[in-house]
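> need coordinates for the following:
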Amino acid sequence: MPNFCAAPNCTRKSTQSDLAFFRFPRDPRRCSLWVENCRREDLEDKTPDQLNKHYRLCAKHFEPSMICKTSPYRTVLKDNAVPTVFDLTSHLNNPHSRHRKRIKVLSEEELRKMTERIENCGEQEQLKNDNTQNEAQFEEIEEDLPPITPQEKEIKDYLKSLFDILVLMGKQNIPLDGHGEEGVEESGAFTPSNFQSLLESRITAGDEVLRRRFEMTAVNVEYCPVTQQRQMLEVCESCLREELLREVRESRFFSLVTDEAVDISGEDHLPIFLRFVDESNNLREEFAGFLPCEEDEDAVFVSLHTEITEKWGLNLEYCRGQSHVNSGDYALKLKAVASKLMEKYPLAVCTPCSTCALNIWLAKALPLAGVQMVLGTLKIIDSFFSKSPQLLSELENAIATIHQANEERANELKEICRTQWIERHDAFEVAVDLLEPLLLCVDSVNSNANFSRHVAFEAYSISVNLEEFEFIATLVVLKNALSFTRAFGKNLQGNTLDVFFAASSLTAVLHSLNEVMENIEVYHEFWFEEATNLAAKLEIPVKLPRLYLRQHRPEPGFELLPESYYKESLSIPLVSRVIQELKEIFSETHLKALKCLSLVPSVMGQMKFNTSEESNADLYRNDLPNPDTLPAELHCWRIKWKHRGKDVDLPSTIYQTLQLSEVKFFPNVYSFLRVLCTLPVIKVESSKYDCGRKRLRAYLSDTPANHRSKSLALLNINYEVRHDLDLMVDTYSKMYPEKVDEQ
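Okay, the predicted model is just below:
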């Protein structure tokens with residue numbers, strides 16, 4: 001469908017002109033300036049979102065200095081661009097004509113103020129142009145550049161072929177060299193690199209540009225140096241990410257999510273995901289790249305802030321949520337980073353992530369060595385049994401043997417083992433039930449000659465961890481202490497109604513945990529008894545951790561009992577930290593945001609339409625297009641659903657509500673829901689837009705650490721994102737002009 005220019009007396013449309021057409025900005029202040037300058041009275045009552053979606057202005061209405069051509073194929077406006085060039089008089093020559101785009105008649109005072117404002121904008125722009133005169137001159141004459149020469153075209157086609165190969169390698173997860181970090185020569189490999197092989201294959205298949213380029217080249221010469229390959233790959237990564245970031249900027253509000261640190265070619269990196277609502281009102285969580293892990297928490301904060309604001313060009317003032325799913329030392333670092341972000345950007349509220357069960361999230365946040373050992377061991381167990389169906393079959397046989405008297409429970413455990421059970425809300429309860437079958441299974445695998453030495457050694461390593469009483473005691477305490485948060489966490493990952501009521505049930509959860517803390521002597525006695533009984537059943541001795549005994553030599557005549565040790569070093573700090581984590585993560589701002597879910601009609605209906613969102617609405621007041629009319633609009637919103645027709649079902653999720661055509665008549669409610677939707681605690685409804693994390697895991701599982709690449713990973717995980725080879729060539733030419741001259 002062609003784009004029509006919304007300016008008065010302008011009849012241009014995109015199918016009849018090579019001019020660029022620009023959307024109205026979503027920013028309310030800038031959008032109001034565009035409308036005011038247009039003098040279109042019929043546009044004044046429309047929201048920025050409506051204008052952004054349905055109206056365009058062509059490039060003829062902007063000063064040349066406001067327009068940037070990043071490439072011959074891409075034209076963008078400067079961030080402060082405002083249209084100032086309009087024809088407001090030509091219709092007077094034909095007074096009988098009918099104009100759909102009516103021009104607003106201004107009073108002398110209004111006209112004087114507008115003229116002053118435009119002149120002020122012009123003066124500011126002139127000052128900026130004086131400071132960047134060379135750049136401005138380049139922009140003004142860029143349209144008049146002569147056509148490229150045949151030699152330049154050949155170089156461009158050659159680079160496009162190279163970029164095409166790199167994009168293919170990234171999307172198909174093909175390592176650049178295929179011989180590990182040391183490369184071809186050092187590894188002793190006699191075959192060329194993957195890139196070289198694909199390039200030669202393309203020449204053989206008839207790529208004339210590459211053939212002419214290399215037909216006179218010596219056979220043993222590498223066609224494209226490794227350094228150039230990596231530079232071009234970084235350009236691929238940057239251009240592909242920019243496509244994603246463009247959508248994030250258009251949506252305006254977003255949230256930030258980090259996942260467990262991963263090994264990329266020997267260095268730890270944090271995966272970063274961005275949550276936002278796209279123009280079709282779909283909540284999406286997209287993988288945006290990796291951040292190198294720093295030793296110091298301040299360095300992590302500076303690195304993260306610089307990456308997002310300066311390199312990615314996102315404004316953290318629009319960040320409305322953050323979640324960090326990390327364990328061990330990184331959990332502590334990211335917790336400090338989250339606090340610093342909230343100090344600087346108060347609305348970037350920290351929440352749990354909808355993709356991680358609350359109990360698992362809490363366990364990862366606990367800085368206790370025993371807890372991290374349990375989490376690490378469970379992760380190893382999950383990885384071990386997912387390697388082959390034969391190993392899983394061995395575990396199922398062990399379950400059947402141990403639970404002969406309870407076939408129903410045996411079948412239930414077998415079914416659980418076929419899933420990602422270590423990510424369940426009741427993962428620690430399941431682990432306790434599986435402990436005896438697990439030990440029987442790994443011992444059987446270790447002594448079975450049908451399995452390789454490597455598999456047998458892994459089984460032996462798992463059995464060593466499982467036979468430690470510290471593991472059993474920690475697992476039992478985790479199971480019991482986190483049983484008080486299990487239902488609460490399950491509701492947080494439920495439907496919108498469950499999430500809304502979960503916000504109100506936090507007080508009861510904290511009350512129960514505080515009661516446990518006040519009576520920890522009694523609770524610990526029961527927990528320790530359960531742990532000792534389980535250890536006795538498995539013939540494991542009750543003892544202090546070996547590391548503690550090495551570091552603390554007991555004084556003569558003094559004996560520290562295991563029960564006292566685990567109470568002081570495990571039960572008390574674990575319950576105390578869980579209470580602290582819940583209070584911190586469910587801050588007043590977070591709870592206010594969750595209570596605003598009453599805007600969803602099904603929640604309203606459950607509350608008998610007796611809700612009061614106004615008390616929590618101040619949280620996002622500055623994000624609304626017309627905050628002064630919010631109370632009246634909310635009243636109309638409640639009345640609309642209270643008196644709906646009998647055959648009209650109440651939308652039960654934010655997504656369903658945003659898909660309603662009539663929601664656009666409630667601009668404040670619409671904006672409110674879009675902001676709420678970005679919070680990491682809200683579940684992504686469509687699996688189509690929640691696959692970034694699964695693809696990341698698949699990439700890490702399929703790719704050895706020494707073959708991993710940040711750039712190739714981004715291309716592989718964002719397989720469906722559109723790529724522009726011309727843009728990649730232009731970007732590379734600007735970043736490395738000396739390389740292009742050498743071609």
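
> tell me how far residue 236 lies from residue 155.
18 Å (C-beta to C-beta, to the nearest Å). Quick note: C-beta positions are derived from backbone N, CA and C, even for glycine.

> the two: who's more crowded?
A direct count of neighbours by other C-beta atoms under 10 Å for residue 236 and residue 155 places residue 236 higher, at 23 against 20.

> do I have it right that the more buried one meets residue 163?
Yes: applying C-beta atoms under 8 Å, one finds residue 236 in contact with residue 163, separated by 6.5 Å.

> which neighbours do the two share?
Shared contacts of residue 236 and residue 163, defined by C-beta atoms under 8 Å, 6 or more residues apart in numbering, comprise residue 728.

> need the helices for the stretch 401-550 of the chain, in chain order.
407-417, 427-446, 453-466, 469-481, 483-492, 496-518, 520-537, 546-551 (DSSP state H, counting those that start in this stretch).

> can you redo the ones you listed as TSV with mean neighbour count?
Listed next are the helices of the stretch 401-550 of the chain as TSV, based on neighbours: other C-beta atoms under 10 Å:
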stretch	mean neighbour count
helix 407-417	15
helix 427-446	21
helix 453-466	16
helix 469-481	25
helix 483-492	19
helix 496-518	16
helix 520-537	16
helix 546-551	10
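
> which helix or which strand is home to residue 209?
helix 208-214 (DSSP states H and E).

> name the next helix or strand downstream of that helix, please.
helix 226-251.

> which parts of the helix or strand just after that following helix are buried?
Sequence order places strand 254-258 as the next helix or strand after helix 226-251, per DSSP H and E. Of the residues in strand 254-258, those with enough neighbours to count as buried (16 or more other C-beta atoms under 10 Å) are 254-258.

> and those, which is closest to residue 384?
Minimum distance to residue 384 across these is 26.4 Å, recorded for residue 258 (C-beta to C-beta).

> you'd agree the closest one is up against residue 325?
Yes: Residue 258 lies in contact with residue 325 (C-beta under 8 Å); the separation is 6.9 Å.

> re earlier: may I see the buried residues of strand 254-258 organised as JSON lines, with pLDDT added?
Below are the buried residues of strand 254-258 laid out as JSON lines (pLDDT from 0 to 100):
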{"residue": "254", "pLDDT": "95"}
{"residue": "255", "pLDDT": "96"}
{"residue": "256", "pLDDT": "95"}
{"residue": "257", "pLDDT": "95"}
{"residue": "258", "pLDDT": "94"}
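
> what pLDDT is listed against residue 741?
Residue 741 is assigned 59 on the pLDDT scale.

> and of the helices of the stretch 401-550 of the chain, who's closest to residue 168?
Nearest to residue 168, of all the helices of the stretch 401-550 of the chain, is helix 453-466, at 33.1 Å by C-beta to C-beta.

> now the closest one against helix 427-446, angle please.
Inter-element angle recorded for helix 453-466 and helix 427-446: 140 degrees (by axes from the mean of the first three to the mean of the last three C-alpha atoms, to 10 degrees).

> point out where the stretch 351-500 of the chain drops to low pLDDT.
Low-confidence regions of the stretch 351-500 of the chain, defined by pLDDT under 70, are absent; no residue qualifies.

> next helix or strand past the least confident helix or strand in the chain by mean pLDDT?
Across the helices and strands of the chain, mean pLDDT, DSSP states H and E gives its lowest value to helix 133-141, namely a mean of 39. Using DSSP H and E, the next helix or strand after helix 133-141 towards the C-terminus is helix 150-171.

> the residue most central in space within the chain sits in which helix or strand?
Note on the chain: the residue nearest the mean C-alpha position is residue 273, at 1.9 Å, using C-alpha atoms, centre = their mean. Element membership of residue 273, judged by DSSP H and E, is strand 267-277.

> in terms of secondary structure, what does that strand contact?
Here strand 267-277 touches helix 226-251, strand 254-258, strand 262-264, strand 283-292, helix 692-702, going by 3 or more C-beta pairs under 8 Å, 6 or more residues apart in numbering; DSSP states H and E.

> between the ones you listed, which gets nearest to residue 560?
Here strand 262-264 is closest among the helices and strands packed on strand 267-277 (C-beta to C-beta), at 38.2 Å.

> now do that closest one: everything it contacts.
268-269, 271, 290, 696, 700, 705, 708-710, 713.

> mind listing what's buried along it?
Buried positions in strand 262-264, judged by neighbour count with 16+ other C-beta under 10 Å: 262, 264.

> surely residue 58 meets residue 19?
Yes: in this structure, residue 58 is within contact of residue 19 by C-beta under 8 Å, at 4.9 Å.

> now do the shared contacts for these two.
By C-beta under 8 Å, 6+ apart, residue 58 and residue 19 have these common neighbours: residue 12.

> which of these two has more neighbours?
Ranked by neighbour count (other C-beta under 10 Å), residue 58 and residue 19 place residue 58 first, with 21 against 16.

> for that one, list the residues it contacts.
5, 7, 10, 12, 17, 19-22.

> check pLDDT for the residues you listed and point me to the minimum.
Across the contacts of residue 58, the smallest pLDDT goes to residue 17, namely 59.

> report the angle between the strand holding residue 273 and strand 254-258.
150 degrees.

> tell me the strands beside strand 267-277, with direction?
strand 254-258 (antiparallel), strand 262-264 (antiparallel), strand 283-292 (antiparallel) (DSSP bridges).

> how about these, which one is nearest residue 349?
strand 254-258 (8.9 Å).

> who touches the closest one?
248, 270-276, 285, 291, 308, 314, 318-326, 334, 341, 348, 353, 678-680.

> at 6 Å what do you get?
248, 270, 272-276, 319-324, 353, 678, 680 (C-beta atoms under 6 Å, 6 or more residues apart in numbering).

> ok, and the most crowded of these?
Result: residue 275 is most packed of the contacts of strand 254-258 (other C-beta under 10 Å), 30 neighbours.

> against residue 88, how distant is it?
Residue 275 sits 43 Å away from residue 88, going by C-beta to C-beta.

> so what's residue 325 up against?
So residue 325 contacts 259, 353, 356 (C-beta under 6 Å, 6+ apart).

> so how far is the helix holding residue 209 off the chain centroid?
Distance of helix 208-214 from the chain centroid (C-alpha atoms, centre = their mean, to the nearest Å) equals 41 Å.

> same question for stretch 525-535.
On C-alpha atoms, centre = their mean, the centre of stretch 525-535 falls 41 Å from that of its chain.

> just stretch 456-463 next, same as before
Worked out by C-alpha atoms, centre = their mean, stretch 456-463 lies 35 Å from the chain centre.

> which other residues reach that stretch?
Residues outside stretch 456-463 that contact it (C-beta under 6 Å, 6+ apart): 384, 442-443, 445-446.

> please apply the same query to stretch 707-718.
Here stretch 707-718 has contacts from 170-171, 173, 175, 233-234, 237, 264-265, 287, 289-290, 695-696, 699, using C-beta under 6 Å, 6+ apart.

> just the CA trace of it, in PDB.
The C-alpha coordinates for stretch 707-718 follow below in PDB (Å, rounded to 0.1, in the frame of the first residue of the first chain):
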ATOM      1  CA  HIS A 707      34.100 -22.600  18.100                       C
ATOM      2  CA  ARG A 708      31.700 -20.100  19.500                       C
ATOM      3  CA  SER A 709      31.500 -16.500  18.200                       C
ATOM      4  CA  LYS A 710      29.500 -13.600  19.500                       C
ATOM      5  CA  SER A 711      28.700 -12.500  16.000                       C
ATOM      6  CA  LEU A 712      27.900 -15.900  14.600                       C
ATOM      7  CA  ALA A 713      25.700 -16.600  17.600                       C
ATOM      8  CA  LEU A 714      23.600 -13.400  17.000                       C
ATOM      9  CA  LEU A 715      23.100 -14.400  13.300                       C
ATOM     10  CA  ASN A 716      22.200 -17.900  14.200                       C
ATOM     11  CA  ILE A 717      19.800 -17.100  17.100                       C
ATOM     12  CA  ASN A 718      18.100 -14.300  15.100                       C
END
